[in-house]
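Undergrad: Output the structure for:
(one chain, ligands or ions: 1)
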Amino acid sequence: MDAGASREPTERDNWLGSALIQVAVVVPVVAVLAYSIPGHRSDLTPSIAFFVVAVAVIDLIPVPGWGGLQLSLSFPVLLGVAILYPPPIAAGVAFMGSFDPRELHRGVSLLKAAWNRSQMALSILVGGAIYHRLAEPDSPWTHMLPVTLLATVVAYAINTLCVAVQTAVHRRLSVWSVLVKMHGRAPVEFLLSYLGLGMFGAVIARFYRVEGLWSVVVFLGPLVFARQMYFRSRALADRLAEQNEILAEQARRLEQLLEMEHHRIDELRELNRMKGEFVAVVSHELRTPVTALIGYAKTLQQPEFADDAAMRREFLERMERQGDRLVRMIENLLTASRIESRQLPLSIGRVLFEDLVREVIESLATPEERIQVSVPTDLPVLQTDRQLLSRVLANLLDNALKYSPDGPPCELGAKAAGDHIVFWVLDHGIGIPPEELPRIFDRFYQVDSSSTRTFHGAGLGLSLVKDLLAHLGGSIEVESSPGSGSRFTVTLPIRTPTEAPRTKLPTPS
Ligand code: ADP
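TA: So this is what the prediction gives:
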């Protein structure tokens, strides 16, 4: 019994005090044994050798860490020996039987090894002395049992005290705290276990007296075997419990995966629904300008318009505007499809931002006074993809014009900011409610997606702007308030990194 054999030594340990206590027990015990055993030479029968070997063998069988005192077999054998033989002989059996050759491998010091033997020998010596003072090996059961129990309690107390005092001195703790640690929260159970072992010892002694050595062998053999079986089944049960836990953990993970899969399916369903809606919206968006174009063409063919040059010019201008709208729509669709299939190669070249702005505004075919441009002439020349940047500008300006039909002019401004340029598109139109802002860059998202909405569009422009800017190494922010207008601010590197982050496939939010 050691209150903490597995503990790592520390500098605080009181080695000297501990060694003195060990010496104080070992020396007298060895001296008493050496002095007394020769006087009992007549008691040294071959059975003694059997008990020494039995205790040694039982002690050598490995016991798992959880195998507590209740499963000790050597202690009851020693108690039986203490009942059968004079105390010095029984103590000698305890001393020699507890010899453990494994201690030689573990480098246990001679003193510690002698201490381990001596404390057990001491408790058997005193316990045996008490028994022999109060009873005989052949005393009737009624007399034998209480005396055995008393002797066991004393043996238990001595053994426990030896270990507790030595550990307390060694670690500079109080004896009480060590006792509490040794007995855990079940001191009564601990004592009862000892008493149980004492009765077991009495049974062994009685078997020996009545039937002889063979009965002890027959009694102990199956017990040792049964104990080993128990250890094995417990180990198996522990392994099964461990595997059960692993299985339960895996089941939990599978459940999580299943939940994620359900979530993914819901997302895909939503995406599918949005795509269906998108096809309907796009068809409508494409049909409207085509129908208008056909209508204007038919009208122009009427003979009464043949000579009305002003009317013809106005109709042709309207046709051009509808055509431009159609082209922008188709270009957006093509870009979206390239982004989805990740086929959007960068074609980097020199771009004068001012020129690009002029070109885009012209392509919008909108009255000049609708857009106020304030782009400094000394902006650095950009190294970027002209085509993609023009799509960004066209979409932002198109939205600004579209969502501020009657408002003051929209504004487009720009400035240099280190190795970036910052440009913004500002309008004084309908604005966007704050709760909608996080979603307007989602693909197919429209603040008003009802079939009766006022403004045309497919919910594609801003998501493209965001993806294209990610492709060009830039970013976009929006500030808006309903009724006051919106401001979209873009930050773009002057030199587009050639390894720009690839745009991701859009997913519904
Ligand atoms: P759409 O083709 O519907 O304009 P976008 O992706 O370009 O699609 O824009 C998404 C939504 O964001 C629009 O439906 C609109 O409600 C809102 N939005 C975008 N730009 C503006 C703006 N300048 N002013 C007000 N609302 C805007």
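Undergrad: So, low pLDDT: which residues of the stretch 201-350 of the chain?
TA: Within the stretch 201-350 of the chain, no stretch has pLDDT under 70.
Undergrad: 90 instead, please
TA: Under the criterion pLDDT under 90, the flagged ranges of the stretch 201-350 of the chain are 211-235, 270-289, 299-315, 317-318, 320-322, 324-329, 331-347.
Undergrad: Spell out, range by range, the helices that occur in it.
TA: 213-301, 309-340 (DSSP state H, counting those that start in this stretch).
Undergrad: And the stretch 401-509 of the chain, by the same measure?
TA: Counting by DSSP H, counting those that start in this stretch, the helices of the stretch 401-509 of the chain are 461-472.
Undergrad: where does it dip in pLDDT?
TA: In the stretch 401-509 of the chain (pLDDT under 90), the answer is 405-408, 442-460, 483, 496-509.
Undergrad: Give me every residue in it lying close to the ligand.
TA: Taking C-beta under 6 Å from any ligand atom as the contact definition, the stretch 401-509 of the chain meets the ligand at 403, 427, 429-432, 440, 445-448, 457-463, 486. Every residue, glycine included, has its C-beta placed from N, CA and C.
Undergrad: Kindly report the same for the stretch 251-400 of the chain.
TA: Counting by C-beta under 6 Å from any ligand atom, the stretch 251-400 of the chain sits next to the ligand at 399-400.
Undergrad: By proximity to the ligand, which residue of the stretch 251-400 of the chain wins?
TA: residue 399 (3.6 Å; C-beta to the nearest ligand atom).
Undergrad: returning to what we had before: most neighbours per residue, which of the helices of the stretch 201-350 of the chain?
TA: helix 309-340 (a mean of 15; mean count of other C-beta atoms under 10 Å).
Undergrad: Show the secondary-structure elements that that helix is packed against.
TA: Helices and strands touching helix 309-340, as assessed by 3 or more C-beta pairs under 8 Å, 6 or more residues apart in numbering; DSSP states H and E, comprise helix 213-301, helix 353-364, helix 386-402, helix 461-472.
Undergrad: In JSON lines: these, plus distance to residue 165.
TA: JSON lines is the format used below for these (distance: least, C-beta to C-beta, whole Å):
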{"stretch": "helix 213-301", "distance to residue 165": "31"}
{"stretch": "helix 353-364", "distance to residue 165": "90"}
{"stretch": "helix 386-402", "distance to residue 165": "85"}
{"stretch": "helix 461-472", "distance to residue 165": "75"}
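Undergrad: what's the closest of the ones you listed to residue 376?
TA: helix 353-364 (8.3 Å; C-beta to C-beta).
Undergrad: who's in contact with the closest one?
TA: With C-beta atoms under 8 Å, 6 or more residues apart in numbering as the test, helix 353-364 has contacts from 324, 328, 371, 373, 375, 377, 379, 382, 386, 389-390, 393-394, 397-398, 401, 412, 414, 421, 423.
Undergrad: Could you rerun that using 7 Å?
TA: Residues outside helix 353-364 that contact it (C-beta atoms under 7 Å, 6 or more residues apart in numbering): 324, 371, 373, 375, 377, 379, 382, 386, 389-390, 393-394, 397-398, 412, 414, 421.
Undergrad: Taking their axis directions, it and helix 309-340 sit at what angle?
TA: With axes from the mean of the first three to the mean of the last three C-alpha atoms, to 10 degrees defining the directions, helix 353-364 sits at 120 degrees from helix 309-340.
Undergrad: Pull out the buried positions in helix 353-364.
TA: 353, 356-357, 360-361, 363-364 (16 or more other C-beta atoms under 10 Å).
Undergrad: How about stretch 455-462?
TA: 457-462.
Undergrad: of those residues, closest to residue 60?
TA: Out of the buried residues of stretch 455-462, the member with the shortest distance to residue 60 (by C-beta to C-beta) is residue 462, at 80.1 Å.
Undergrad: I'd say that closest one and residue 438 touch.
TA: No: contact between residue 462 and residue 438 fails when scored by C-beta atoms under 7 Å: they sit 12.0 Å apart.
Undergrad: any idea of the mean pLDDT for stretch 352-372?
TA: The pLDDT scores in stretch 352-372 average 90.
Undergrad: mind exporting that stretch as CSV, just the C-alpha atoms?
TA: Extracted in CSV, the C-alpha atoms of stretch 352-372 (Å, rounded to 0.1, in the frame of the first residue of the first chain):
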residue,chain,number,x,y,z
LEU,A,352,-6.9,55.9,-68.4
PHE,A,353,-9.8,56.0,-66.0
GLU,A,354,-11.1,59.3,-67.4
ASP,A,355,-11.3,57.9,-70.9
LEU,A,356,-13.0,54.8,-69.7
VAL,A,357,-15.6,56.9,-67.8
ARG,A,358,-16.4,58.9,-71.0
GLU,A,359,-16.7,55.7,-73.0
VAL,A,360,-19.1,54.1,-70.5
ILE,A,361,-21.3,57.1,-70.2
GLU,A,362,-21.5,57.4,-74.0
SER,A,363,-22.6,53.7,-74.2
LEU,A,364,-25.4,54.4,-71.7
ALA,A,365,-27.0,56.8,-74.2
THR,A,366,-28.3,59.0,-71.4
PRO,A,367,-28.6,62.8,-71.6
GLU,A,368,-25.3,64.4,-70.7
GLU,A,369,-26.8,66.5,-67.8
ARG,A,370,-27.9,63.3,-66.0
ILE,A,371,-24.4,62.5,-64.8
GLN,A,372,-21.9,64.9,-63.3
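Undergrad: how distant is that stretch from the center of its chain?
TA: Distance, stretch centre to chain centre, for stretch 352-372: 55 Å (C-alpha atoms, centre = their mean, to the nearest Å).
Undergrad: same deal with stretch 373-389?
TA: 49 Å.
Undergrad: quick one on the thing from earlier: not counting its neighbours along the chain, what's nearest the residue of the stretch 251-400 of the chain closest to the ligand?
TA: residue 461 (5.9 Å; C-beta to C-beta, 6 or more residues apart in numbering).
Undergrad: OK, contacts around the one you found?
TA: Contacts of residue 461 (C-beta under 7 Å, 6+ apart): 332, 395, 398-399.
Undergrad: Highest neighbour count among those?
TA: Neighbour counts for the contacts of residue 461 (other C-beta atoms under 10 Å) peak at residue 395, which has 24 neighbours.
Undergrad: Would you quantify the distance from that residue to residue 335?
TA: Noted for residue 395: a distance of 10 Å to residue 335, by C-beta to C-beta, to the nearest Å.
Undergrad: any common contacting residues for the two?
TA: Common neighbours of residue 395 and residue 335 (C-beta under 7 Å, 6+ apart) are residue 464.
Undergrad: ok, back up a step: could you dump the helices of the stretch 201-350 of the chain to CSV with distance to residue 161?
TA: Formatted as CSV, these follow (distance: least, C-beta to C-beta, whole Å):
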stretch, distance to residue 161
helix 213-301, 28
helix 309-340, 82
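Undergrad: Of these, which is nearest residue 202?
TA: helix 213-301 (12.6 Å).
Undergrad: Which secondary structure elements does that closest one sit against?
TA: helix 46-60, helix 187-211, helix 309-340 (3 or more C-beta pairs under 7 Å, 6 or more residues apart in numbering; DSSP states H and E).
Undergrad: Now tabulate those helices in TSV and tack on distance to residue 128.
TA: Output for the helices and strands packed on helix 213-301, formatted as TSV (distance: least, C-beta to C-beta, whole Å):
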stretch	distance to residue 128
helix 46-60	13
helix 187-211	11
helix 309-340	91
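Undergrad: quick one, which of these is nearest to residue 79?
TA: helix 187-211 (2.7 Å).
Undergrad: and the angle from that closest one to helix 213-301?
TA: 140 degrees.
Undergrad: Since that was my last question, I'll sign off now.
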